[in-house]
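>>> Sequence unavailable; structure follows:
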């Protein structure tokens, strides 16, 4: 069976100490990409990926390039191991949108990695200037949660899949929103272990810095459709990409809408690249019939390469 395939790229929060280590140990091409990243960024990002410590890895300025790099290595290894590998669209959750754009040829690997590092720094700075938090709310419909956010003065941050939405804002207001959500029928509302209020108005300080960084770079039109987190539709020309990537910093990630758009376009197979399997779980919650593969380590790479080769 030939599939219409979309690649999905992991976002911040998927990181773990040890990610990419077995890929680099097994494949010289992977090790070379980790070494190249150290040259580009002038610090040993591979050591943080492979060894941690967790506190260093989870710092936003480290986590973002680390996840970008690990996902990129997974993508390139799959392309090299599966003869005839092809894909027809890409999407990424928050930070993962940068990897999705790089896979589609909008950025070079070098520029994509640098953007991930700088974006992480800008967001870290915004976190340090604000007292922000995020929480996952389970089992409440979007419109009901939108009303909760308005009452508590916080923002919707990630609309991941049916029944799972993340909210973001000032710490005390997010805590109050959790209690209000539970009072209005949410099954659970849990504060998340993150450094700040991503995808909320508290990230406004990072937005012009991201825009200025992108203005200084040359972007190519995407070779395949890349789904924007902001619009849940394909990106357009480079100027539109710059605008939407800057807006993404303070806007909700419309992940469920993005996947539903791809499903409506006839996509039947999704391949998650990078650490973790959160995106695969979201897709399954959105459409149980979708075919899902992931590449995070040697066993999952071997499995995905076999599956892709068998259906090409």
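Everything's here; your move. Just so it is clear, the structure is predicted and the values come from calculations on it, not from any experiment.
>>> quick one: low-confidence parts of this protein?
Flagging of the chain using pLDDT under 70 yields the residue ranges 1.
>>> tell me the domain ranges of it?
Recorded structural domains for the chain (assignment: automatic domain parsing) are 5-128+201-311, 131-191.
>>> The stretch 101-250 of the chain: helices as residue ranges?
Counting by DSSP state H, counting those that start in this stretch, the stretch 101-250 of the chain has these helices, from start to end: 109-129, 142-152, 171-183, 207-215, 238-248.
>>> Show me what the first one is in contact with.
Helix 109-129 has contacts (CB atoms under 8 Å, 6 or more residues apart in numbering) with 33, 36-37, 40-41, 59-65, 67-69, 72, 95, 98-99, 101-102, 107, 195-198, 202-206, 209-210, 213-214, 217, 249. The C-beta positions use only the backbone N, C-alpha and C, and glycine is treated the same way.
>>> Could you look up the SS state of the nearest residue to residue 90 once chain neighbours are set aside?
With CB to CB, 6 or more residues apart in numbering as the criterion, residue 90 has its nearest non-adjacent residue at 3.8 Å, and that residue is residue 100. The local conformation at residue 100, judged by DSSP: H, G, I helix; E, B strand; the rest coil, is helix.
>>> Identify the residues contacting residue 100.
Counting by CB under 8 Å, 6+ apart, residue 100 makes contact with 7, 8, 9, 90, 91, 92, 226, 227.
>>> Now, the residues you listed that are in strands?
Among those, the ones falling in strands (DSSP state E) are 7, 8, 9, 90, 91, 92, 226, 227.
>>> Tell me who's in contact with the closest residue to residue 231 other than its chain neighbours.
Across the structure, with CB to CB, 6+ apart as the measure, the residue nearest residue 231 apart from its sequence neighbours is residue 244 (6.8 Å). When contacts are counted by CB under 8 Å, 6+ apart, residue 244 touches 228, 229, 230, 231, 235.
>>> Make sure the fourth one is actually in contact with residue 254.
Yes. A contact is recorded between residue 231 and residue 254 when judged using CB atoms under 8 Å, the distance being 7.4 Å.
>>> the more surrounded of the two?
Set residue 231 next to residue 254 and count neighbours by other CB atoms under 10 Å: residue 254 wins out with 21 against 18.
>>> Out of the contacts of residue 244, which comes closest to residue 132?
residue 229 (18.8 Å; CB to CB).
>>> ok, the closest one to residue 247 distance?
When CB to CB, to the nearest Å is the yardstick, residue 229 and residue 247 sit 9 Å from each other.
>>> what's the answer for residue 13, then?
Looking at residue 13 against residue 247, where the rule is CB to CB, the gap reads 21 Å.
>>> For these two, indicate the residue with more neighbours.
With neighbours defined as other CB under 10 Å, residue 13 and residue 247 compare such that residue 13 has more, 21 against 16.
>>> In three-state terms, how would that one be classified?
Of the three states, residue 13 takes coil under three-state DSSP.
>>> How many neighbouring residues does residue 306 have?
Neighbour number of residue 306 under other CB under 10 Å is 13.
>>> ok, now how distant is it from residue 284?
Distance of residue 306 to residue 284, computed by CB to CB: 21 Å.
>>> Run through the residues that contact residue 214.
Residues 115, 241, 242, 245, 246 are the ones in contact with residue 214 under the rule CB under 8 Å, 6+ apart.
>>> Just the buried subset of the ones in strands among the contacts of residue 100, written out for PyMOL, thanks.
Those of the ones in strands among the contacts of residue 100 that meet the burial criterion (16 or more other CB atoms under 10 Å) are gathered into one PyMOL selection, given here:
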select buried, resi 7+8+9+90+91+92+226+227
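>>> Make TSV from the ones in strands among the contacts of residue 100 and add distance to residue 111 to it.
Rendered in TSV, the data for the ones in strands among the contacts of residue 100 read as follows (distance: CB to CB, whole Å):
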residue	distance to residue 111
7	19
8	21
9	16
90	16
91	20
92	16
226	15
227	20
